[in-house]
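Visitor: When you get a sec, could you give me coordinates for this:
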Amino acid sequence: MENKTMKIQVLGSGCSSCKKLFELTKKAAEELKLKTEVEYITDIQKIVEMGVMSSPVLAINGKPALTGSLPDIEKIKEIIQKNL
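Guide: Residues are numbered from 1 along each chain as shown. From the prediction side, this is the model:
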């Protein structure tokens, strides 16, 4: 897989679902052999700025790709690949 520069962020309030999404997203990026850091943001202002009202949020390159749910790792990998 080619490695374009991509920025992956998980935004959330710090709840268990948000933390779980962050862990799964890091593992998914690792399994896809992406050379990118997965960032975890708990700043509510950043979530609001993104125009999203429910967390957790999986954002790729600054755009929300998933909001308000906690999918399994295969679904997360699918979302990441779709947004490469």
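
Visitor: Could you use CA atoms for every contact and neighbour count after this?
Guide: Will do.

Visitor: State whether I80 is indeed within a strand.
Guide: No: judged by DSSP: H, G, I helix; E, B strand; the rest coil, I80 forms no part of a strand; its state is helix.

Visitor: residues in contact with it?
Guide: By CA atoms under 8 Å, 6 or more residues apart in numbering, the residues touching I80 are 29, 60.

Visitor: residues in contact with the closest residue to I79 other than its chain neighbours?
Guide: Nearest residue to I79, sequence neighbours excluded (CA to CA, 6 or more residues apart in numbering): A65, at 6.9 Å. A65 makes contacts with 57-59, 79, 83, as judged by CA under 8 Å, 6+ apart.

Visitor: Now which of the residues you listed would you call buried?
Guide: By neighbour count, with 16 or more other CA atoms under 10 Å, the contacts of A65 hold 57-59, 79 as buried.

Visitor: Can you classify A65 by secondary structure?
Guide: Three-state secondary structure (criterion: three-state DSSP) places A65 in strand.

Visitor: And the contacts of the helix of greatest length in the chain?
Guide: Counting residues, the longest helix found in the chain (DSSP state H) is helix 16-31. Contact with helix 16-31 is made by 10-12, 35-38, 40, 55-58, 70-74, 76-77, 80, as judged by CA under 8 Å, 6+ apart.

Visitor: Point out where the chain drops to low pLDDT.
Guide: 1-4 (pLDDT under 70).

Visitor: ok, now with 50
Guide: Applying pLDDT under 50 to the chain picks out residues 1-3.

Visitor: returning to what we had before: which helix or strand lies directly C-terminal to the longest helix of the chain?
Guide: Downstream of helix 16-31, the next assigned helix or strand under DSSP states H and E is strand 38-41.

Visitor: All set now, cheers.
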